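# only geometry, no sequence info:
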């Protein structure tokens, strides 16, 4: 195998470390209560406002602007 082809592959130990990182992320996401999905190009899910309201906070240009039109 020439040197140019070697850069297309990773070592086995690097692959194992990469999968440990990905597996950790997957486990953490699965532990979350609920992911709030929202359409591409929208500002944010409505749940963002609810979360911020708990601390008497809001976003400048809140999602209310977006939700008025949808």
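Here it is on my side, so go on. All figures in this text were calculated on a predicted structure; none of them were measured in a lab.
# for the chain, what helix or strand is lowest in average pLDDT?
helix 63-68 (a mean of 51; mean pLDDT, DSSP states H and E).
# Nearest residue to residue 10 in space, please, no chain neighbours.
residue 18 (7.6 Å; C-beta to C-beta, 6 or more residues apart in numbering). Every residue, glycine included, has its C-beta placed from N, CA and C.
# Tell me how far the one you found lies from residue 6.
Distance of residue 18 to residue 6, given as C-beta to C-beta, to the nearest Å: 18 Å.
# Based on its surroundings, how many neighbours for residue 59?
By other C-beta atoms under 10 Å, the residues close to residue 59 number 13.
# What of residue 48?
Residue 48: 16 neighbours (other C-beta under 10 Å).
# And the helix or strand hosting it, what's buried?
Assigned by DSSP states H and E, residue 48 belongs to helix 46-53. Buried residues in helix 46-53, counted by 16 or more other C-beta atoms under 10 Å: 48-49.
# Any idea how far it is from the middle of the chain?
Using C-alpha atoms, centre = their mean, to the nearest Å, the distance from the centre of helix 46-53 to the centre of the chain it belongs to is 17 Å.
# how near is residue 46 to residue 33?
Taking C-beta to C-beta, one finds residue 46 at 16 Å from residue 33.
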